[in-house]
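# Sequence first, then the predicted structure:
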Amino acid sequence: MKKPAALEDALPAPFLSSVMRIEPQWIDYNGHLNMAYYNVMFDRAIDELWLKLGIGPTYMRTRHGSTFTAECHVRYLREIHLGDPVQISILLLAADEKRLHTFEELRHAGEGWLSATSENMTMHVDMNTRKTAPFPPDIKARIDAVARTHATASRPEGIGRKIAIPSRK
């Protein structure tokens with residue numbers, strides 16, 4: 001009998017979302033994807049990873065735990081337009097008992113060029129108290145397995161960037 005694959009074997013580093021398409025209502029008066037909808041796509045992609053980790057909607061309903069984004073830094077690097085196929089890669093950079101640090105890259109799914117990145121700090125929340133709480137041991141074990149796998153992946157440019165106007169010297 002074949003042994004089931006470990007979670008780290010089942011999830012690539014980085015994790016790849018399903019391919020998404022830009023929706024017409026997301027295009028702004030400049031003729032490109034409005035900045036708010038980059039976050040929608042990043043959020044949809046992270047939800048796909050959360051399902052694999054066991055912290056999706058069923059987890060919230062049955063175990064009363066969820067995640068909230070505490071911090072987010074998005075970089076808009078190249079315009080995306082109506083109909084463009086996109087795919088998001090996600091690296092789990094670090095995790096502790098209550099937090100997940102992720103870095104996401106949104107790329108044109110057909111041509112491969114980078115459109116945007118999003119770096120996030122996510123907190124685990126006990127939905128009964130709406131306060132941060134440690135992940136349950138089984139969920140933490142899944143997260144740790146993915147974090148170990150993702151630690152071996154190369155780190156993309158842009159992690160840890162800050163917003164600043166360069167000084168002139």
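Yep, it's here.
# which residue ranges form the helices in the chain?
7-10, 35-53, 57-63, 137-151 (DSSP state H).
# by how many degrees do the longest one and helix 137-151 diverge?
An angle of 120 degrees separates the directions of helix 35-53 and helix 137-151 when computed by axes from the mean of the first three to the mean of the last three CA atoms, to 10 degrees.
# Let's test this: mean pLDDT of stretch 74-91, rounded?
Within the predicted structure, the mean pLDDT of stretch 74-91 is 96.
# ok, D126 - how many residues close by?
Residue crowding around D126 was assessed by other CB atoms under 10 Å; the count is 14. C-beta here means a position set from N, CA and C on the backbone, and glycine is covered the same way.
# contacting residues around the closest residue to it other than its chain neighbours?
Closest residue to D126 apart from its sequence neighbours, by CB to CB, 6 or more residues apart in numbering: A133 at 3.8 Å. A133 sits next to G65, K98, H124, V125, D126 when contact means CB atoms under 8 Å, 6 or more residues apart in numbering.
# and the fourth one, what does it touch?
Meaning V125. With contacts defined as CB under 8 Å, 6+ apart, the neighbours of V125 are G65, S66, T67, F68, K131, T132, A133.
# Return the set of residues that bridge with the fifth one.
Judged by DSSP bridges, the bridge partners of K131 are D126.
# Repeat that for the first one.
Beta bridges link G65 to D126 when assigned by DSSP bridges.
# so who does P137 touch?
Listed by CB under 8 Å, 6+ apart, P137 has no contact partners.
# Tell me where this protein is predicted with low confidence.
Low-confidence regions of the chain, defined by pLDDT under 70, span residues 1-10.
# of all the contacts of V125, which comes closest to T152?
For the contacts of V125, the minimum distance to T152 (CB to CB) is 24.1 Å, reached by T67.
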